[in-house]
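> Predicted structure and sequence below. I'll ask about it afterward.
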Amino acid sequence: MICKYLSICKILILDNNKVNLFVKYFFLFVVIVPFFLSCQEAKETKKYNVAMSDSEWKNILPQLSYNVLRKSFTEPAFSSSLNFNKKSGYYACRGCKKPLYSSENKYDSGSGWPSFDREIKNNIEYDIDYKIGYPRTELKCSNCGGHLGHMFNDGPRETTGKRHCINGAALIFIEK
Ligand SMILES: [Zn+2]
């Protein structure tokens, strides 16, 4: 009788352990792991109107433009002819052709990169990067996510006070 009772208890304990294990693994693999994976995915694959694979971008862009737009490189100062461009028109994203800046908002900052005091509204995405150890405001094309440059607070005081410091290789100029 006692033996029978003990064996029933044993089965119940085992079953309880099985239930506990099931609950643990359920939360681990069905709730927690997918949650972290989805967070990771959301961070890595933000959806843009223009989305191409890395090799597709590489095929359609000149090497320097690819390095800037897709790999966040910075072109050498004073290397872009657009730095000295004073014609009327607008500056579009070299990757997706979305108009990003108007010549009316271009000014000579003396920095060696095309500089603007404001963007064409809604066409620039603001992000933060820590690549050189401290936070900087990164500017991206809101249509394709291409890296353009950074924004600083030493722009013209009489207008916005902002300096959009943009790599010329990330832009194409469309004359009016
Ligand atoms: Zn773009």
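Now that the structure is in, tell me what you want to look at.
> so the residue nearest the centre of the chain, which of the three states?
Computing the C-alpha centroid of the chain and ranking residues by Cα atoms, centre = their mean puts Gly145 first, at 5.7 Å. Here Gly145 is coil, with the state taken from DSSP: H, G, I helix; E, B strand; the rest coil.
> Please point out which parts of the strand or helix carrying Ser65 sit buried.
Assigned by DSSP states H and E, Ser65 belongs to helix 63-71. Within helix 63-71, the residues that count as buried by 16 or more other Cβ atoms under 10 Å are 64-70. All C-beta atoms are positioned from the backbone trio N, CA, C, and that covers glycine.
> likewise stretch 110-125?
113-120, 124-125.
> Export that stretch to CSV, keeping only CA atoms.
Extracted in CSV, the C-alpha atoms of stretch 110-125 (Å, rounded to 0.1, in the frame of the first residue of the first chain):
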residue,chain,number,x,y,z
GLY,A,110,34.5,77.1,-45.1
SER,A,111,34.5,73.5,-43.8
GLY,A,112,35.3,71.9,-47.2
TRP,A,113,31.9,70.2,-47.5
PRO,A,114,28.7,71.4,-49.1
SER,A,115,26.8,73.1,-46.3
PHE,A,116,23.1,74.0,-45.9
ASP,A,117,21.2,75.7,-43.1
ARG,A,118,18.1,73.5,-43.5
GLU,A,119,16.8,70.6,-45.5
ILE,A,120,13.7,70.2,-47.8
LYS,A,121,11.1,69.4,-45.2
ASN,A,122,10.5,65.7,-44.4
ASN,A,123,13.1,64.4,-46.7
ILE,A,124,15.9,64.0,-44.2
GLU,A,125,16.0,61.5,-41.4
